[in-house]
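Enquirer: Here is a sequence together with a model predicted from it:
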Amino acid sequence: MLRPIPLFIGGMVYLCATKITMYKGKRVVVVMPAYNAAATLEQTYAEIPMDLVDDLILCDDASKDNTVQIAEQLGIDHIISHRTNKGYGGNQKSLYNKALGINADIVIMLHPDYQYTPKLIPSMVNIIGEGLYPVVLGSRILGKGALSGGMPLYKYVANRFLTFTQNLLVSYKLSEYHTGYRAFGREVLESINFNENSDDFVFDNEMLSQIIYAGYDIGEVTCPTKYFEEASSINLSRSIKYGLGVLRVSLMHRLNHIGLVKSKIYRQDTR
């Protein structure tokens, strides 16, 4: 939002349009885990509501294209470059640690592959900023967005089966646990031990398990999604590995909850 600010120069008053961003005094930061995102980064960036967002952080996980160069051309505030590929979870660890380091109050993870629309950022920020929920997920399953957006049928079926099983094991109810569109209040990131999580794709599920285990409520908003050639997606073998990892995380959640196991990922972070 542009707001006229009075400037006093040489006894004269001038009005200068200045960008006002903070949402009710809260610093809003968008973090983007990038890997070979050169073809879609600019399109994603163009829809980010910069009148609301204070900072952008992009972490490039040793891409083989010119993702970093495009990020620099766009003027993204903070760019992290991994010299070696650390994995999707390792990418997020760098992003969240950096966001906390620059005093973010609300952190939104947005994939730069344009699979999720940045136009939902204001809604997600509002939900957290108004104190309704400390965590918000952009759900592809609420409504009819997943299949109509091109989600492969086998992935949709797997999503529904895994989500049903997870809801039973962790004693919570979400429409899906597998969306990559997420927003967090600072206190959530500070209290969960996300640095102990996997560096692979199951990081996302470990994080939700930690959040639920810690007693935080999670809100969901309907999110349209797009599947197309340039959008990132894991293949069938990686999907099977991911699914088995999800079931392991949910089972460990249940065992920790009833006191049979004590996993380090559920220990309160000492940051």
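Expert: The structure has been received and is ready for your questions.
Enquirer: Okay, helices next: where are they in the stretch 51-200 of the chain?
Expert: With DSSP state H, counting those that start in this stretch as the criterion, the stretch 51-200 of the chain has helices at 67-74, 87-101, 121-129, 145-148, 153-170, 186-191.
Enquirer: Only the buried residues of the last one, if you could.
Expert: Right, helix 186-191. By neighbour count with 16 or more other CB atoms under 10 Å, helix 186-191 contains the buried residues 186, 188-189, 191. The way it works is simple: take the backbone N, C-alpha and C, and place the C-beta from them, glycine included.
Enquirer: contacting residues around that helix?
Expert: 96, 99-100, 104-107, 134-135, 211, 214, 216, 268-269, 271 (CB atoms under 8 Å, 6 or more residues apart in numbering).
Enquirer: now that we have the residues you listed, which one has the most neighbours?
Expert: Counting neighbours by other CB atoms under 10 Å, I106 leads the contacts of helix 186-191 with 28 neighbours.
Enquirer: I figured K24 was touching G131, is that so?
Expert: No - the pair K24 / G131 is not scored as a contact, 10.0 Å apart, by CB atoms under 8 Å.
Enquirer: Select the longest helix from the protein.
Expert: Taking DSSP state H as the criterion, the chain has its longest helix at helix 236-257.
Enquirer: which secondary element of the chain has the worst mean pLDDT?
Expert: Every helix and strand in the chain was compared by mean pLDDT, DSSP states H and E; the lowest is strand 2-9, with a mean of 43.
Enquirer: Output the buried residues of helix 186-191 in a markdown table, with distance to Q166 and pLDDT appended to each entry.
Expert: Listed next are those as a markdown table, based on distance: CB to CB, whole Å; pLDDT from 0 to 100:
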| residue | distance to Q166 | pLDDT |
| --- | --- | --- |
| R186 | 26 | 98 |
| V188 | 19 | 98 |
| L189 | 21 | 98 |
| S191 | 21 | 96 |
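Enquirer: how about those residues in JSON lines, adding distance to N159?
Expert: JSON lines is the format used below for the buried residues of helix 186-191 (distance: CB to CB, whole Å):
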{"residue": "R186", "distance to N159": "29"}
{"residue": "V188", "distance to N159": "24"}
{"residue": "L189", "distance to N159": "25"}
{"residue": "S191", "distance to N159": "28"}
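Enquirer: wait, which of these is closest to K173?
Expert: Distances from K173 to the buried residues of helix 186-191, taken as CB to CB, are shortest for V188 (18.7 Å).
Enquirer: Could you check how far N97 is from N91?
Expert: 11 Å (CB to CB, to the nearest Å).
Enquirer: ok, those two, which is more surrounded?
Expert: Using other CB under 10 Å, the more surrounded residue of N97 and N91 is N91, with 25 against 15.
Enquirer: Chain neighbours aside, what residue packs nearest to that one?
Expert: Nearest non-adjacent residue to N91, counting by CB to CB, 6 or more residues apart in numbering: P33, 4.1 Å away.
Enquirer: Ok, L169 next?
Expert: Using CB to CB, 6+ apart, the closest residue to L169 is S250 (3.9 Å).
Enquirer: separation between the one you found and L162?
Expert: From S250 over to L162 the distance is 8 Å, taken as CB to CB.
Enquirer: most centrally placed residue in this protein?
Expert: By CA atoms, centre = their mean, the chain has its centre lying nearest to M109, at 2.4 Å.
Enquirer: contacting residues around that one?
Expert: 30-33, 92, 95, 180-184.
Enquirer: just the residues you listed now: which is nearest R140?
Expert: Using CB to CB, Y181 comes nearest to R140 of the contacts of M109, at 8.4 Å.
Enquirer: Show the contacting residues for the nearest residue to K24 once chain neighbours are set aside.
Expert: Leaving aside its sequence neighbours, K24 sits nearest to G129 (CB to CB, 6+ apart; 5.6 Å). Going by CB under 8 Å, 6+ apart, G129 touches 23-24, 26, 106.
Enquirer: Among those residues, list the two that are farthest apart in space.
Expert: K24 and I106 (10.0 Å).
Enquirer: if we can go back for a sec, show me what the longest helix of the chain packs onto, helices and strands only.
Expert: Helix 236-257 sits against helix 153-170, helix 203-213, with contacts defined as 3 or more CB pairs under 8 Å, 6 or more residues apart in numbering; DSSP states H and E.
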